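>>> next come a sequence and a model predicted from it.
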Amino acid sequence: MRDEDLNDRLRYGALRCAVERYCPLGFHATWAYATTLARPLHDLRRDAPAMARALNVLEESRSVWLDEVDVFAAIRRTEKAAGRRSPRAADLDFFAVPRWPGRDAPSRLGLVAAVADRHRYFRTLPPPNAGLAGPGRSDAASSPPALHMPPLAAGLPLPDAGVVPGEWLERCVTLRGVLDALAVEYLARVGASDSLAERVGAVRGDLRELVRNGHRPVNVPVYPWVRFADLLAYAVGAL
């Protein structure tokens, strides 16, 4: 990306590859965060200095992340020597959830851009089809759009009717609406409050409870919601 002899198109592609290799907030959210802080004049594709600034944002964060990985590895070596073979769940979560490693607090502007980007995507994801529900589901709500299955889930068999209770589907619809409203509130305020942090934390926990045991196709529509809730919770709590 830093090769000035390359044209802007190739440098732009190299920047995309860099984000693909290091995306602590997820690819799209990390792209939104870094490119927003780069402040391109017009089109990032034709703004080489802005692309360089975005790469600097990535590299500074990645440097901190590598230091954190080294510390974690040293701790694990000590724990293994003492007989602890498995890391603590909290230690794994530290690296698993969306988070922007850095020596300073994350950028409010960058986090707002990241949440806004993922919120737009979140709104394109319909709730699971009520047709998957078993007996007891009301006819009035039995004809929503078909179950959204991301590309990676294409070809997976859908669960049999009766496997997914109507109450689960109703809970999905309710929590999806709550999460959407909380994201709108965060973006409207361009920041967070203690009350918002508590409510986001609550809906995040409720969404995680929707995930059913095992790698079931019915979980596929819920995973992006949980991921977005994780990002929103981090953005709210980081400021």
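Received, thanks.
>>> using CSV, write out every CA atom in whichever strand or helix holds A116.
Here A116, judged by DSSP states H and E, is contained in helix 108-122. Taking Å, rounded to 0.1, in the frame of the first residue of the first chain, the C-alpha atoms of helix 108-122 are listed here in CSV:
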residue,chain,number,x,y,z
ARG,A,108,-15.7,8.4,19.3
LEU,A,109,-16.0,9.4,15.6
GLY,A,110,-14.6,6.1,14.5
LEU,A,111,-16.9,4.1,16.7
VAL,A,112,-19.9,6.0,15.5
ALA,A,113,-18.9,5.4,11.9
ALA,A,114,-18.5,1.7,12.7
VAL,A,115,-21.8,1.3,14.4
ALA,A,116,-23.6,3.3,11.7
ASP,A,117,-22.1,1.0,9.0
ARG,A,118,-23.2,-2.2,10.8
HIS,A,119,-26.5,-0.7,11.7
ARG,A,120,-27.4,-0.2,8.1
TYR,A,121,-26.5,-3.8,7.4
PHE,A,122,-28.4,-5.0,10.5
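>>> mind listing what's buried along that helix?
Residues of helix 108-122 classed as buried: 110-115, 117-119, 122 (neighbour count, 16 or more other C-beta atoms under 10 Å). Yep, even glycine has a C-beta here, placed from its N, CA and C like the rest.
>>> so where's this structure shaky on pLDDT?
For the chain, applying pLDDT under 70 flags the ranges 129-164, 191-192, 215.
>>> using CSV, write out every CA atom in stretch 204-224.
Output of stretch 204-224 as CSV, limited to C-alpha atoms (Å, rounded to 0.1, in the frame of the first residue of the first chain):
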residue,chain,number,x,y,z
ARG,A,204,-26.9,-8.3,24.3
GLY,A,205,-27.3,-11.0,27.0
ASP,A,206,-30.9,-11.7,25.9
LEU,A,207,-29.8,-12.1,22.3
ARG,A,208,-27.0,-14.6,23.3
GLU,A,209,-29.7,-16.7,25.0
LEU,A,210,-31.5,-17.0,21.7
VAL,A,211,-28.7,-19.0,20.3
ARG,A,212,-29.7,-22.7,20.5
ASN,A,213,-27.3,-25.4,21.5
GLY,A,214,-25.3,-26.8,18.6
HIS,A,215,-24.5,-25.4,15.2
ARG,A,216,-28.1,-25.3,14.0
PRO,A,217,-29.2,-23.5,10.8
VAL,A,218,-31.8,-21.7,12.9
ASN,A,219,-29.0,-19.9,14.7
VAL,A,220,-27.6,-18.4,11.5
PRO,A,221,-29.9,-15.4,11.3
VAL,A,222,-29.2,-14.6,15.0
TYR,A,223,-25.4,-14.6,14.8
PRO,A,224,-25.1,-11.2,12.9
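>>> and it, which residues are buried?
204, 207, 210, 216-222, 224.
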